[in-house]
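S.K.: output the structure for:
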Amino acid sequence: MAEPEQTQTDETEAAEAVEATDPIAELEARLAAVEAEREEMRDRMMRALADAENSRKRAEKDRRDAQLYGGAKITRDMLPVYDNLARALNAATDETRAAAAGLVEGVELTLRELTAILQKHGVQRICPEVGDKFDPHTHQAMFEAPVPNTKAGEIIQVMAEGFMLHDQLLRPAQVGVSSTPA
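M.R.: The predicted model follows:
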């Protein structure tokens, strides 16, 4: 039984010897190896180009977002100033306005200037009215109460205005919402 195995080994060695001495077969083998290497390099290059393009797009998006939303933190920190100025004006009675007309006018001008600056930088106020439908995307329900002559989900009180920076919510409007009356 050793003879058939020996015959196969001899034939394989003879074929390898022919291939080794056959210059065309050797060149074809080298050509196939070079083509395979070229395809691998082409694939790696295309992946690297795609990665570079993705990085460029991501950097462009990050730059745009930083330009649009970079001031969100300071804007969010300035909202209590807006609230306090608005509360001060709402608290001023006719007597106060007459007695301290200059002071009230200064507060009004300051609030107007702050509002103009916020608008200049893309900040819009969210000003719901009593009777509007509650929108969970722009409103925050501070409380719920059954109120006669209202529908469930209607705004019954506005505690604070909300603000949007372009299409990003900075602060939801704080509202009271009607629940189903008992």
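S.K.: pLDDT score for Tyr69?
M.R.: Listed pLDDT for Tyr69 reads 86.
S.K.: do I have it right that it meets Met164?
M.R.: No: Tyr69 is beyond contact range of Met164, at 11.2 Å (criterion: Cβ atoms under 8 Å). From N, CA and C alone the C-beta is placed, and that goes for glycine too.
S.K.: Phe134: what's it in contact with?
M.R.: For Phe134, the contacting residues are 141, 153-155, 175, 177, by Cβ atoms under 8 Å, 6 or more residues apart in numbering.
S.K.: for it, grab phi and psi.
M.R.: Note on Phe134: its backbone torsions stand at phi -70, psi 130 [degrees, to the nearest 10].
S.K.: can you pull out the strands in this protein?
M.R.: Using DSSP state E, the strands of the chain run over residues 123-126, 139-146, 155-160, 162-165, 168-171, 173-179.
S.K.: and the spatially closest residue to Ala173 that is not a sequence neighbour, how many residues sit next to it?
M.R.: Nearest residue to Ala173, sequence neighbours excluded (Cβ to Cβ, 6 or more residues apart in numbering): Gly162, at 3.3 Å. By the criterion of other Cβ atoms under 10 Å, Gly162 has 22 neighbours.
S.K.: for Gly162, give me its contacts.
M.R.: Under the criterion of Cβ under 8 Å, 6+ apart, the neighbours of Gly162 are 125-126, 128, 138-140, 169-174.
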